[in-house]
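> this is the structure alone, sequence omitted:
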């Protein structure tokens, strides 16, 4: 027959394999890998239908997934080159970077997204650390430090960003409607961005600035139970913290150093126990807690669980993604039940969203126990987790060959199978 089907996908990601005793997690991994394959053909895609490149933030997760699954960092290098090579961008005020480039919508609304700029810094630090490639960091030094100065132009008398001119977007939920005035999640994220620039370029004064921002956010946003999202000016020009509280704001506080799980234990435990898609307080943890969508809030929640060794909870909640995996074979930008007239989540064209590739990383971490992968020094930290599974096995590609690790429970002990590539060692 002359009839055939040609698939446009990135075959490199199929080098990674994963299986465990929970079939739901196997389906989630397959969906995350399939999503990654469709959204990383010759460049990263926001999703497989829009066919525009990822913006910073999306790219942090998409390319984080792609790097783990494929062992290839050329697409991430290409992503940064799109921003590194031009001296300036059409209709974008200098020194800012566009939200999506080179296929950006250049307009006053989405020419750039204020929250995506610090995500660019965060991803650049990860790329530099993972690859040892310092050329992008060095080439963008002047522009990125200029951006740090540029943002100071939006400081209020408290030294917080207020009424920044462009789109501030943090996810497909109500948290993205609380961005006027002083938006505390943006300031939390910006503090993290300053810390990253401080480490990248040896600028300790930026870390001092970040600490001051975090302290002021804690002072204003925290109400004794939760972090509130924003503050507005009253008729007399006084700054009044509003009562709106989103789930995402709590995760931003924990992810970006405003709160510390090891020190703010009561807040951390309350957040983990009562929020999340499965939490008993979901949507109503306090008078009115606005729930988070998968992009970005629930993804960051899953990261927090994995990062802080809450593997049992992480594995349980990652299993809930089977609703997406079973419906489409890929993972989505958000939950269909989160769409509303106020926040119209575009569920019709976001059912294969590149950022969800990162679910594979979280499975390798909390289900398998892959804690740290150092490709440059060829070292790996693996700890079989206490997560309720009976067995788990995974394989990822490296330049020296596949790294294979598996474990299974036999009575009261863990039996491991470790196969490291030549020249690798286990910490």
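Noted; the coordinates are in hand. Note that the structure is predicted; figures quoted are calculated from it, not measured.
> show me where the stretch 101-250 of the chain has its strands.
Taking DSSP state E, counting those that start in this stretch, the strands of the stretch 101-250 of the chain run over residues 182-183, 230-233, 239-241, 245-246.
> who wins for proximity to residue 303 among the ones you listed?
Checking the strands of the stretch 101-250 of the chain against residue 303 by CB to CB gives strand 245-246 as the closest, at 17.3 Å. C-beta here means a position set from N, CA and C on the backbone, and glycine is covered the same way.
> shouldn't residue 293 be in contact with residue 338?
Yes. Counting by CB atoms under 8 Å, residue 338 is a contact partner of residue 293 at 4.6 Å.
> pick out whichever of those two has more residues nearby.
residue 293 (27 against 19; other CB atoms under 10 Å).
> now do the contacts for that one.
Residues near residue 293 by CB atoms under 8 Å, 6 or more residues apart in numbering: 171-173, 333-335, 338, 345.
> what's the helix or strand for the residue nearest to residue 31 when sequence neighbours are not counted?
Leaving out its chain neighbours, the residue that sits closest to residue 31 by CB to CB, 6 or more residues apart in numbering is residue 325, at 3.6 Å. Per DSSP states H and E: residue 325 is located in helix 322-328.
> now the next helix-or-strand element following that helix: mean pLDDT?
Using DSSP H and E, the helix or strand that follows helix 322-328 towards the C-terminus is helix 359-363. Helix 359-363 shows a mean pLDDT of 98.
> off-centre distance for helix 359-363?
From the chain centre to the centre of helix 359-363 is a distance of 12 Å (CA atoms, centre = their mean, to the nearest Å).
> identify the residues contacting it?
Identification of contacts with helix 359-363 by CB under 8 Å, 6+ apart yields 16, 18, 25, 28-29, 31-33, 36, 64-65, 68-69, 302-303, 306, 314, 318, 321, 331.
> which is the next helix or strand following that helix?
Beyond helix 359-363 in the direction of the C-terminus, DSSP H and E gives the next helix or strand as strand 370-374.
> what is the burial count for residue 66?
Applying other CB under 10 Å, we find 28 residues neighbouring residue 66.
> surely it and residue 13 touch.
Yes. Contact criterion CB under 8 Å: residue 66 and residue 13 qualify, at 6.6 Å.
> now list whatever residues contact both of these two.
36, 40.
> state the mean pLDDT of the helix holding residue 325.
Here the average pLDDT along helix 322-328 is 93.
> pairing partners for the strand ranked longest in the chain, with directions?
For the chain, the longest strand by residue count, based on DSSP state E, is strand 401-410. As defined by DSSP bridges, the strand partners of strand 401-410 come to strand 391-398 (antiparallel), strand 413-419 (antiparallel).
> most tightly surrounded among those?
For the strands paired with strand 401-410, the largest average neighbour count (mean count of other CB atoms under 10 Å) is found in strand 391-398, namely a mean of 20.
> and the angle for that strand with strand 370-374?
On the basis of axes from the mean of the first three to the mean of the last three CA atoms, to 10 degrees, strand 391-398 is oriented at 10 degrees to strand 370-374.
> so which residues make contact with strand 391-398?
12, 15-21, 68-71, 364, 367-370, 373, 375, 378, 402-409, 417, 421, 424.
> for the helix or strand of the chain with the lowest mean pLDDT, name the packing helices and strands.
Across the helices and strands of the chain, mean confidence by mean pLDDT, DSSP states H and E is lowest for strand 289-290: a mean of 88. Packing contacts for strand 289-290, counted by 3 or more CB pairs under 8 Å, 6 or more residues apart in numbering; DSSP states H and E, involve strand 245-246, helix 247-255.
> for this protein, which spans come out with low pLDDT?
Scanning the chain for pLDDT under 70 picks out the ranges 50-52, 104-111, 278-287, 339-349.
> gap between residue 266 and residue 222?
Residue 266 sits 12 Å away from residue 222, going by CB to CB, to the nearest Å.
> ok, now residue 66?
37 Å.
> same deal with residue 235?
26 Å.
> residue 370 now?
Residue 370 is 35 Å from residue 222, by CB to CB.
> between these two, which one's more packed in?
Per other CB under 10 Å, whichever of residue 370 and residue 222 has more neighbours is residue 370, with 21 against 18.
> quickly list what the more buried one is bridged to.
Under the criterion used (DSSP bridges), residue 370 bridges to residue 382.
> and residue 334, how far is that from residue 350?
Distance of residue 334 to residue 350, given as CB to CB: 7 Å.
> looking at these two, which one has more neighbours?
The residue with more neighbours, out of residue 334 and residue 350, is residue 334; 26 against 21, by other CB under 10 Å.
> does the more buried one touch residue 296 like I think?
No. Here residue 334 lies out of contact with residue 296, judged by CB under 8 Å, at a distance of 9.8 Å.
> shared neighbours, these two?
residue 171.
> how many residues are close by residue 239?
By other CB under 10 Å, the residues close to residue 239 number 16.
> now it: closest residue in space that isn't a chain neighbour?
Here the residue nearest residue 239, using CB to CB, 6+ apart, is residue 231, at 5.0 Å.
> you'd agree that neighbour is up against residue 242?
Yes. Shown here, residue 231 and residue 242 form a contact pair, counting by CB under 8 Å, at 6.2 Å.
> any idea how far residue 386 is from residue 314?
Using CB to CB, one gets 12 Å for the distance from residue 386 to residue 314.
> more neighbours: which of these two?
The neighbour comparison of residue 386 against residue 314 (other CB under 10 Å) goes to residue 314, with 25 against 11.
> ok, back up a step: just how off-centre is the helix holding residue 325 within its chain?
Distance, centroid of helix 322-328 to centroid of chain: 21 Å (CA atoms, centre = their mean).
> which strands or helices does that helix pack on?
helix 23-38.
> check the offset of the helix or strand following the helix it packs on from the chain's centre.
Once the chain leaves helix 23-38, the next helix or strand it forms, by DSSP H and E, is helix 58-70. Computed by CA atoms, centre = their mean, the separation of helix 58-70 from the middle of its chain amounts to 10 Å.
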